[in-house]
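Asks: Let's see this in three dimensions:
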Amino acid sequence: MSPLRFRGLDDEPPTPFWQRFSTHILLVAIILAGLFAARDKLPRWPANPPVRAAATPADVTAPAPEPTATPARPADLPPCPAVLARAAVPHTIIPERPRLEIITYTVQAGDTVFGLAERFGISPETILWANGDLEYHPDDLRIGQELIILPVSGVYHEVKAGDTLEKLAEKYQVSPESIRNYPLNQIGAGGELVVGQKLIIPDGVKPYVPRRLHRFDVALPANALKGSGAFIWPAQGYITQGYWSLHRALDIGAGTGAPVYASDSGYVVFAGWDDTGYGNLIIINHGNGFVTYYAHLSKILVSAGTSVLRGAKIGLVGSTGRSTGSHLHFEIWQRDVQRNPLGFLP
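Replies: A predicted model of the protein is given here:
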């Protein structure tokens, strides 16, 4: 008799592969079919969406054709800088307002009339005309001196008995209205002037009064050297103040003790101290109508009554007399007329 056997899982025949996964395959197929069927119902977005302007009430009721624009792609964009620069900030340039008051300025080392005029925006003549004796001695600046500085170019006039607007206008070559209407003058509607009143004459000018030549009536000896008329530079340095209407000379900046040379051969008619502002001064008569001045010297190396050759060392640069810094003040006179040295120097 055969032994009894129990039937187990291992005793059943194997199920084919397709039968075991048929349910899963069918489910996936149904899902794909549904998606495919719904594809045409999904909204489609263009690759380059149009740019739409903001809607207005008119657009709502009657939409107008919409302009389209192609958006920038990454390749079309400019490269981004590694460092971002600050954008320029617009600002308003405020113009410089004109000065409307008279000021008092204290002279400092190195000041010149021409430099001060440029600094305050007025003419050099205006400074000289407003400051007494400086008009006749423009080199008489001294450190610590107080100067009147007008707000505009012109003349500063103190009213005297008999002055009228018409007379002042004629004297200073301006119109009476320019004097009357200048705000600082405070002239009444009737145009009456008060003796002692100070007036600013805008754009007024004064006639030039020639500076007197230091006359040394010394007869030149027969053997005195005479100049050739060909001048050389009397010192090495730089021009600190040139020749202009009320400074008819040349100022050559150089260190104290720098050599000063005779600009041409001639006869020394003066060598010593001058009280009018020149300080230590040498005057050479060249015997041909020309006379030269060398002023503000720290030391004089020649004596009056001697002849010197062109290029001879006659003194040392300094700052004596009325001077605000070390320099040589050089003048050329031709028959009592001051000439521009630059017109004679090489």
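
Asks: Do I have it right that residue 265 meets residue 228?
Replies: Yes - the pair residue 265 / residue 228 is scored as a contact, 6.8 Å apart, by C-beta atoms under 8 Å. C-beta: built from backbone N, CA, C; applies to glycine.

Asks: Common neighbours of those two, please.
Replies: Both residue 265 and residue 228 are in contact with residue 310, where contact means C-beta atoms under 8 Å, 6 or more residues apart in numbering.

Asks: and those two? which has more neighbours close in?
Replies: Neighbour comparison, residue 265 and residue 228: the larger count goes to residue 265, with 21 against 11 (by other C-beta atoms under 10 Å).

Asks: any idea where the helices of the stretch 101-250 of the chain begin and end?
Replies: 113-120, 124-129, 165-172, 176-180 (DSSP state H, counting those that start in this stretch).

Asks: between these, which gets nearest to residue 234?
Replies: Nearest of the helices of the stretch 101-250 of the chain to residue 234, taken as C-beta to C-beta: helix 113-120 at 19.9 Å.

Asks: ok now the closest one, how far from the chain's centre?
Replies: Distance of helix 113-120 from its chain centroid, counting by C-alpha atoms, centre = their mean, to the nearest Å, is 13 Å.

Asks: Give the other helices and strands that it contacts.
Replies: helix 124-129, strand 146-149, strand 238-241 (3 or more C-beta pairs under 8 Å, 6 or more residues apart in numbering; DSSP states H and E).

Asks: Just checking: what are the partner strands of the last one?
Replies: Strand 238-241 pairs in its sheet with strand 250-253 (antiparallel), by DSSP bridges.

Asks: how about the helices of the stretch 101-250 of the chain, which one is nearest residue 151?
Replies: That would be, of the helices of the stretch 101-250 of the chain and by C-beta to C-beta, helix 113-120, which comes in at 8.6 Å.

Asks: List the contacts of that closest one.
Replies: So helix 113-120 is in contact with 99, 105, 123-124, 126-128, 134, 138, 141, 147, 149, 241-242, 244, 246-247, going by C-beta under 8 Å, 6+ apart.

Asks: 10 Å instead, please
Replies: Contact with helix 113-120 is made by 99, 103, 105, 107-108, 111-112, 122-128, 131, 134, 138-141, 147, 149-151, 153, 240-242, 244, 246-247, 251, 324, as judged by C-beta atoms under 10 Å, 6 or more residues apart in numbering.
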